[in-house]
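Asks: next comes the sequence, and after it the predicted model I'd like to discuss.
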Amino acid sequence: MSPRGARARRANGKKHVTWLAAGVVVLGGTAVTAVAASAGGEDARPGDGAPRAKAHALPLDGKDPKRRALPRTGTQAFSLVGVSWEDSGDSFGGTAQIRTRGAATGEWSAWRDLDFEVRAPESAEGGEPGVRGASEPLWVGPSDGVEARVVADDGETSVPDALRLDMIDPGETVRGKGDGDGNGGVKGSGKAGGKGGTEPTASPDTTRTTPAGPAPEPSTTPPEAATGEASTDPAPSTAPPQEPTGPAPTTEPSRSPEPGTTTPEPGTTPTTPTAPTAPTIVSRADWGADESLVQDPPSYLNKVDAVFVHHTAGTNDYACADSPAVIRAILAYHVRTNGWNDVGYNFFVDKCGTVFEGRAGGVDRPVLGAHTYGFNSYSSGVSLLGDYENGGVPTAAAQRAIADLAAWKLGLHGVDPEAKVTLTAAADTGVWTKGQAATLHTVSGHRDGYATLCPGATLYSALPGIRAAAGGSPYATGN
């Protein structure tokens with residue numbers, strides 16, 4: 001539980017479904033596996049016409065306790081891959097490498113490393129039955145073959161138990177009805193969550209859609225910093241936030257009083273401040289989220305104190321038109337492989353600067369995510385698609401989108417994106433110990449809270465400029 005305890009509340013009753021991989025067989029060199037089944041006996045079905053992400057798994061068996069290997073094997077179609085194991089509390093310090101066969105070319109890729117810098121959330125969600133330890137997912141594009149090798153490090157006696165290779169086919173992109181008007185900023189798809197495997201409320205049609213974004217390769221020039229001097233950071237608090245004493249909020253906390261019913265005198269200017277206008281956000285319906293995967297309703301915080309910036313790692317060679325498929329695959333991986341209730345990040349941004357709704361519950365509401373171990377109960381998480389540790393450079397469009405999103409999201413709670421805040425670590429993170437007061441930027445990198453390379457060296461070095469741009473953003477409070 002977070003130190004704020006009651007700050008993270010379920011909106012309704014809870015129904016947890018454990019996704020179980022069926023038996024895996026290999027026929028003629030082709031892996032035939034496994035799709036998720038409901039522990040409660042109900043089939044989880046997306047709405048008619050929805051892109052059906054498919055999960056496949058191959059066991060990584062072997063006699064050597066410190067090594068596992070899978071020879072080149074033909075598989076069902078997949079575009080994202082990772083490895084997972086039974087006990088989420090069992091950390092793995094070894095190496096895992098995969099290579100894949102391109103479905104279009106038949107050529108095998110070079111060996112690629114998988115990262116192991118992910119932890120199940122410290123909230124109740126991370127302790128649910130069926131939560132597995134796992135690598136970060138790796139987007140490889142349409143593939144139909146895989147080879148893998150996993151080796152424990154010198155200090156480990158074996159690789160984790162029940163080690164397997166997880167592959168995700170994200171399905172095709174379709175446009176949903178109702179929610180996707182191109183400005184999901186306030187609408188989003190807050191209806192998602194708590195479906196218990198039933199059909200989504202609004203069944204998407206089969207009209208294909210391409211996410212907004214410039215056709216040419218985006219520039220990597222940093223966004224223009226805000227003009228004028230940055231505001232002075234407020235003195236950080238030295239005590240953890242207090243538990244709320246009232247009932248759980250049912251709507252987003254507002255910094256502005258409810259407008260009155262009286263008409264202002266002619267010529268007078270209303271004094272009530274207006275909420276910041278929302279940036280354009282592609283809704284879950286429009287990127288094709290399979291809402292039947294989300295079994296429990298969202299949980300909410302009282303306030304978003306900070307925004308943590310992440311990267312998804314993987315590849316920077318994706319086309320922006322493929323961004324919805326990448327996000328669908330990450331959703332399926334977080335649910336069917338990690339065993340979480342929904343995708344961990346609250347938002348995604350791609351290299352063209354398009355912003356996508358992440359975890360369900362309403363983009364303008366303080367939804368509890370699963371992105372920054374030890375600090376989920378205070379924050380919102382935005383992840384930039386791509387790898388910014390191994391040479392990738394965040395585009396100017398992506399940096400501007402992150403700045404505008406952070407300015408708006410923090411502004412809803414009266415938080416200055418150029419300030420600092422003191423938060424109490426809810427777990428030992430490798431950077432902070434449980435209960436320690438951590439003074440952080442209100443727009444921080446994942447590595448500021450947890451021992452990881454995320455969001456990558458180049459994106460992390462861009463954060464000062466992103467904070468300055470957020471302070472000068474038209475979506476920031478008072479601008």
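Replies: Received it, and whenever you're ready, just let me know what you need. Numbers count the residues shown, from 1 in each chain.

Asks: quick one, what contacts the residue lying closest to Trp432 once chain neighbours are set aside?
Replies: In this structure, Trp432 finds its nearest non-sequential neighbour in Ala425, 3.9 Å apart by CB to CB, 6 or more residues apart in numbering. All C-beta atoms are positioned from the backbone trio N, CA, C, and that covers glycine. Taking CB atoms under 8 Å, 6 or more residues apart in numbering, we find Ala425 in contact with 374-375, 432-436, 438, 449.

Asks: among these, which are in helices?
Replies: Using DSSP state H, the subset of the contacts of Ala425 located in helices is Gly449.

Asks: quick one, which of the contacts of Ala425 are buried?
Replies: For these, a burial check counting by 16 or more other CB atoms under 10 Å picks out 374-375, 432, 438, 449.

Asks: nearest to Thr477 among the residues you listed?
Replies: Phe375 (22.3 Å; CB to CB).

Asks: part of a strand, is Ser444?
Replies: Yes. Counting by DSSP: H, G, I helix; E, B strand; the rest coil, Ser444 is found in a strand.

Asks: distance of it from Arg467?
Replies: The gap separating Ser444 from Arg467 is 9 Å, by CB to CB, to the nearest Å.

Asks: same question for Gly353.
Replies: For Gly353 relative to Arg467 (CB to CB), the value is 17 Å.

Asks: look at these two and report which has more neighbours.
Replies: Each of Gly353 and Arg467 has its neighbours counted (other CB atoms under 10 Å); Arg467 has more, 26 against 22.

Asks: which residues sit in contact with that one?
Replies: Contact analysis of Arg467 by CB under 8 Å, 6+ apart lists 403, 417-418, 441, 443.

Asks: hmm, which two among the residues you listed are most spread apart?
Replies: Spatially, the most separated pair among those is Ala403 and His441, at 12.9 Å (CB to CB).

Asks: who has more neighbours out of the two?
Replies: Between Ala403 and His441, Ala403 has the larger neighbour count (other CB under 10 Å), namely 30 against 20.

Asks: so which helix or strand takes in the closest residue in space to that one that isn't next to it in sequence?
Replies: Counting by CB to CB, 6+ apart, the nearest residue to Ala403 once its immediate chain neighbours are dropped is Ala469, at 3.7 Å. Counting by DSSP states H and E, the element that carries Ala469 is helix 457-471.

Asks: which residue ranges of this structure form helices?
Replies: Secondary structure of the chain by DSSP H: the helices cover 284-287, 323-332, 396-411, 446-449, 457-471.

Asks: tell me which residues in the third one are buried?
Replies: For helix 396-411, the buried set under the neighbour-count rule, 16+ other CB under 10 Å, comprises 396-411.

Asks: how many degrees apart are that helix and helix 457-471 in direction?
Replies: Helix 396-411 and helix 457-471 are oriented at 50 degrees to each other (axes from the mean of the first three to the mean of the last three CA atoms, to 10 degrees).

Asks: which strands and helices sit next to helix 396-411?
Replies: Counting contacts by 3 or more CB pairs under 8 Å, 6 or more residues apart in numbering; DSSP states H and E, helix 396-411 is packed against strand 306-311, strand 347-349, strand 379-384, helix 457-471.

Asks: same question for the fourth one.
Replies: With contacts defined as 3+ CB pairs under 8 Å, 6+ apart, helix 446-449 has these neighbours: strand 306-311, strand 437-441.

Asks: partner strands of the shortest one, parallel or antiparallel?
Replies: In other words, strand 437-441. Neighbouring strands of strand 437-441 in its sheet, by DSSP bridges, are strand 420-424 (antiparallel).

Asks: just the first one next, same as before
Replies: For strand 306-311, the pairing partners within the sheet under DSSP bridges are strand 379-384 (parallel), strand 443-445 (parallel).

Asks: residues in contact with it?
Replies: For strand 306-311, using CB under 8 Å, 6+ apart, the contacting residues are 345, 371-372, 375, 378-389, 402, 405-406, 409-410, 415, 417, 421, 423, 440-446, 448-449, 454-456, 459, 463, 466.

Asks: how many other residues sit next to the closest residue to Leu453 other than its chain neighbours?
Replies: Nearest non-adjacent residue to Leu453, counting by CB to CB, 6+ apart: Glu389, 5.1 Å away. Glu389: 17 surrounding residues under other CB under 10 Å.

Asks: quick one: residues contacting Glu389.
Replies: Glu389 makes contacts with 311, 313, 453-454, 456-458, as judged by CB under 8 Å, 6+ apart.

Asks: let me have those residues in TSV, adding distance to Leu138 as columns.
Replies: Shown next, in TSV, are the contacts of Glu389 (distance: CB to CB, whole Å):
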residue	distance to Leu138
His311	13
Ala313	7
Leu453	15
Cys454	14
Gly456	14
Ala457	19
Thr458	19
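
Asks: pull out the buried residues from the residues you listed.
Replies: Among the contacts of Glu389, those classed as buried by neighbour count (16+ other CB under 10 Å) are 311, 313, 453-454, 456, 458.

Asks: mind picking the lowest-pLDDT entry from those residues?
Replies: Here the lowest pLDDT out of the buried ones among the contacts of Glu389 sits on Ala313, with 89.

Asks: what bridges to that residue?
Replies: Gly386.

Asks: can you tell me which residues contact it?
Replies: Counting by CB under 8 Å, 6+ apart, Ala313 touches 115, 136, 138, 386-387, 389, 454, 456.

Asks: against Gly456, how distant is it?
Replies: Ala313 is 8 Å from Gly456, where distance means CB to CB.

Asks: joint contacts of the two?
Replies: Here Ala313 and Gly456 have 387, 389 as joint contacts, going by CB under 8 Å, 6+ apart.

Asks: Gly74: how many residues sit nearby?
Replies: 14.

Asks: that one and Asp144 touch, don't they?
Replies: Yes. Contact criterion CB atoms under 8 Å: Gly74 and Asp144 qualify, at 6.3 Å.

Asks: give me the common contacts of those two.
Replies: Arg101.

Asks: follow-up on the earlier one: any idea which of the contacts of Arg467 is closest to Arg359?
Replies: Ranked by distance to Arg359 (CB to CB), those are led by Val443 at 18.8 Å.

Asks: before we move on, back to that, could I get the buried ones among the contacts of Ala425 as CSV with pLDDT?
Replies: Formatted as CSV, these follow (pLDDT from 0 to 100):
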residue, pLDDT
Gly374, 95
Phe375, 97
Trp432, 97
Ala438, 98
Gly449, 97
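
Asks: of these, just say which sits nearest to Arg101.
Replies: Gly449 (37.6 Å).

Asks: how much space separates that closest one from Phe116?
Replies: 17 Å.

Asks: OK, contacts around Arg112?
Replies: Going by CB under 8 Å, 6+ apart, Arg112 touches 97-99, 138, 140.

Asks: just Pro65 next, same as before
Replies: Pro65 touches 152, 157-159, counting by CB under 8 Å, 6+ apart.

Asks: pick the one among these closest to Val81.
Replies: Within those, proximity to Val81 (CB to CB) peaks at Val159, which comes in at 17.0 Å.

Asks: skipping its backbone neighbours, what lies nearest the closest one in space?
Replies: Nearest residue to Val159, sequence neighbours excluded (CB to CB, 6+ apart): Ala152, at 5.0 Å.

Asks: any low-confidence regions in the chain?
Replies: Low-confidence segments of the chain (pLDDT under 70): 1-51, 173-276.
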